[in-house]
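# Attaching a predicted model along with its sequence, questions to come.
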Amino acid sequence: MQGYAPGQDVAFAESRKCFGELEDWLASEEAAGLQHADLEEQLDVRGRELLRQLLQDRLDLAAAREERRYDVAGEDGVVRTRAERGRARPLMTKFGQVSVSRIAYRSPGLPNVHPADAALNLPEEKHSHGLRKLTAAEAARGSMEDARAAVARATGVSIGKRQLEAMARRAAAHVEAFYAWRAVEPAPEGWPLVLTFDGKGIVMLPEALRPATARVAASAENKLVTRLSPGEKNGRKRMCEVAGVYDAAPAPRAPGEIISTPAQKRKKRKAQAGKRKKKQKPREPQARNKWLTASVTDDIPAVISAAFDEAERRDPGHQRERVVLIDGNNTQIEAVTAEAASRGVAVTIVIDFIHVLEYVWKAAWSFFDTGEPAAEEWVSDQARKILHGKSAQVAAGIRRRATTYGYSAAERAGADECARYLDNKQDYLGYATALAKGWPIATGIIEGACRHLVKDRMDITGARWGLEGAEAILKLRALIANGDFEDYWRFHLRREHERIHHAKYRDGLTLAA
């Protein structure tokens, strides 16, 4: 009967029947003979069917209560004059497949219109948003095969690998829009705004390589037929650019707190011998409100621009000091300088001190034998001078020592490389100022991001990536690392509602915020 809506006692009769069957089974001799692990497993499966039936009954009740309307028009603006109840479509959920019945509004020669689809925010495809959310999280966590297995264990639903990859790509569709929309909590006064950048290669499918890399890969001759030898991945990787922005709780330090000689460390340990004091960790700036992003489709300038956009959202008035931490990559330095100039903002570029220290060690092996304790003393001494802002004097001293002792070009190669590096990067070695103001001077956060955003997932043995799939997984992993996945998913559902239903149904149907 049109317009008839069954009462709750009738609407959920199948659910009560399902629950009764489950209750009877639990009270049976069969269940009584099971250990708790078997009971858990059986309840997981049988309980899932109960939940599926509850959802089905709820959808059936909504279908029975749906009122016939006379003003329904499609996105073409034409009012559909006929209404037909009982038009069903399948929906695969986390509990199993259900059928969604609703009124179809029709006119000859025109596509049907279903206002109930907008009210329920049904997806275009068969899989529910809840199932898509689960697959997105699992696909970001591990391999696609592992994700398939995890979804099957949790839901009993089997999803093909290609389907899962497509669902992950759709799940990441609104990440940029989300970060442009979301509000950012202001940082306390005096906290610097830190931007940091790095890169990590990803092994790609041949068609996903950049042109220059593709030419190298095409001309390469592999040593083995069935696998790549060490070093042969180099022509098959595409660089993923990684960026981070965070607020830093300043922690002013002295150079001696950063690095001390082995002799000083031994003296300190001796002075503390016998004292039962808790070991104090060195002070360092604490990162707050980290935002990470990674892209294998965008180049260095584009990713740096995205990080500057995030910095702009946090500091639209350009009131905070902006520090850029990088490892000395010239392309990054040029892109940062150009981006800052185009936006009219001042930035201080600081090269990762650990990176600089590696060059000092190269110089040390020009002057000392490998493993010689004096090398460590010498490196510590030079490092403290650099931290005091005397990198030019260190470079001059290294060259002078190599010349005084008459080293050959080969013997002094490491020394000359270090001196040249210190001179070339002198403008970005302002550690004395950075330490006094409490800024960070190491890129541990972005290096860690390269590992857990990129390497841990994208470098799984045997993985070869296409551009769209790799980009989607990177965005999802960044969301999760930022702690924004749940907020993003609510935003994503609203955007999906707008994209799929807003143009079709102009009657004010919207999702709750």
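Ah, there it is.

# doesn't Thr404 make contact with Phe367?
No: Phe367 is beyond contact range of Thr404, at 10.8 Å (criterion: CB atoms under 8 Å). The way it works is simple: take the backbone N, C-alpha and C, and place the C-beta from them, glycine included.

# Specify which residue of these two has the higher count of neighbours.
Per other CB atoms under 10 Å, whichever of Phe367 and Thr404 has more neighbours is Phe367, with 19 against 8.

# Would you map the helices across the stretch 351-500 of the chain?
Taking DSSP state H, counting those that start in this stretch as the test, the helices found in the stretch 351-500 of the chain are 353-367, 373-387, 391-404, 413-424, 431-437, 444-449, 456-458, 467-482, 485-497.

# Adding distance to Ala37, write these out as a markdown table.
Below are those laid out as a markdown table (distance: least, CB to CB, whole Å):
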| stretch | distance to Ala37 |
| --- | --- |
| helix 353-367 | 49 |
| helix 373-387 | 56 |
| helix 391-404 | 64 |
| helix 413-424 | 61 |
| helix 431-437 | 57 |
| helix 444-449 | 38 |
| helix 456-458 | 32 |
| helix 467-482 | 31 |
| helix 485-497 | 31 |
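
# Need the winner for burial among those.
Per-stretch averages of neighbours, counted by mean count of other CB atoms under 10 Å, single out helix 467-482 among the helices of the stretch 351-500 of the chain, with a mean of 22.

# so where's the stretch 201-350 of the chain shaky on pLDDT?
Residues of the stretch 201-350 of the chain meeting the criterion pLDDT under 70: 211-235, 261-283.

# Spit out the contact partners of Val78.
Ser107, Leu110 (CB atoms under 8 Å, 6 or more residues apart in numbering).

# Could you do the one 5 residues further on as well?
Contact analysis of Ala83 by CB under 8 Å, 6+ apart lists Arg68, Arg69, Val72, Ile103, Ala104, Tyr105, Arg106.

# and it, what helix or strand is that in?
Following DSSP states H and E, one finds Ala83 within strand 82-93.

# Over to Asn289?
Asn289 belongs to strand 286-295, assigned by DSSP H and E.

# who does that strand touch, helix- and strand-wise?
Applying 3 or more CB pairs under 8 Å, 6 or more residues apart in numbering; DSSP states H and E, one finds that strand 286-295 makes contact with strand 237-249, helix 300-314, helix 444-449, helix 467-482.

# any idea how far Asn121 lies from Pro90?
16 Å (CB to CB, to the nearest Å).

# What is the burial count for Glu321?
With other CB under 10 Å as criterion, Glu321 counts 17.

# Isn't it up against Glu189?
No: under the criterion of CB under 8 Å, Glu321 is not in contact with Glu189, lying 11.4 Å apart.

# Neighbour count: Asn121 and Pro90, which is higher?
Counting neighbours by other CB under 10 Å for Asn121 and for Pro90 shows that Asn121 has the greater number, 16 against 10.

# Surely the more buried one and Arg499 touch.
No: Asn121 is not in contact with Arg499 according to CB under 8 Å; the separation is 10.7 Å.

# thinking Thr443 is in contact with Gly328, fair?
No: contact criterion CB under 8 Å: Thr443 and Gly328 do not qualify, at 9.9 Å.

# where does this structure have low pLDDT?
For the chain, residues meeting the criterion pLDDT under 70 lie at 1-9, 211-235, 261-283, 503-513.

# Go ahead and flag the most central residue of it.
Ala478 (1.1 Å; CA atoms, centre = their mean).

# show me what contacts it?
Taking CB under 8 Å, 6+ apart, we find Ala478 in contact with Val175, Leu292, Thr293, Ala294, Leu453.

# now those residues in JSON lines, with distance to Thr461 and neighbour count?
Below are those laid out as JSON lines (distance: CB to CB, whole Å; neighbours: other CB atoms under 10 Å):
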{"residue": "Val175", "distance to Thr461": "27", "neighbour count": "21"}
{"residue": "Leu292", "distance to Thr461": "25", "neighbour count": "26"}
{"residue": "Thr293", "distance to Thr461": "26", "neighbour count": "26"}
{"residue": "Ala294", "distance to Thr461": "20", "neighbour count": "28"}
{"residue": "Leu453", "distance to Thr461": "18", "neighbour count": "26"}
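
# Out of these, which is nearest to Gly199?
Ala294 (9.4 Å; CB to CB).

# so the closest one bridges to which residues?
Note on Ala294: beta-bridge partners by DSSP bridges are Val242.

# returning to that earlier point: return the distance of the residue nearest to the centre of the chain relative to Gly466.
Taking CB to CB, one finds Ala478 at 19 Å from Gly466.

# got it, and Leu22?
Counting by CB to CB, the separation of Leu22 from Gly466 is 45 Å.

# Also Ala307?
25 Å.

# Between the two, which has more neighbouring residues?
Set Ala307 next to Gly466 and count neighbours by other CB under 10 Å: Ala307 wins out with 23 against 15.

# which non-adjacent residue is nearest the more buried one?
Ala243 (4.0 Å; CB to CB, 6 or more residues apart in numbering).

# So the one you found sits against Ile300, correct?
No: the pair Ala243 and Ile300 does not pass the contact test of CB under 8 Å, sitting 9.5 Å apart.

# any idea where the strands of the stretch 1-150 of the chain begin and end?
In the stretch 1-150 of the chain, the strands defined using DSSP state E, counting those that start in this stretch lie at 82-93, 96-106.

# Please identify the deepest-packed of these.
Most buried among the strands of the stretch 1-150 of the chain, counting by mean count of other CB under 10 Å: strand 96-106, with a mean of 19.

# contacts for that strand?
Under CB under 8 Å, 6+ apart, the answer for strand 96-106 is 48-49, 52, 55-56, 59-60, 63, 66, 68-69, 72, 80-91, 112-117, 120, 122, 155-157.

# tell me the angle it makes with strand 82-93.
160 degrees (axes from the mean of the first three to the mean of the last three CA atoms, to 10 degrees).

# do you know how far Leu134 is from Ser143?
Leu134 sits 16 Å away from Ser143, going by CB to CB.

# Pick out whichever of the two has more residues nearby.
Set Leu134 next to Ser143 and count neighbours by other CB under 10 Å: Leu134 wins out with 21 against 16.
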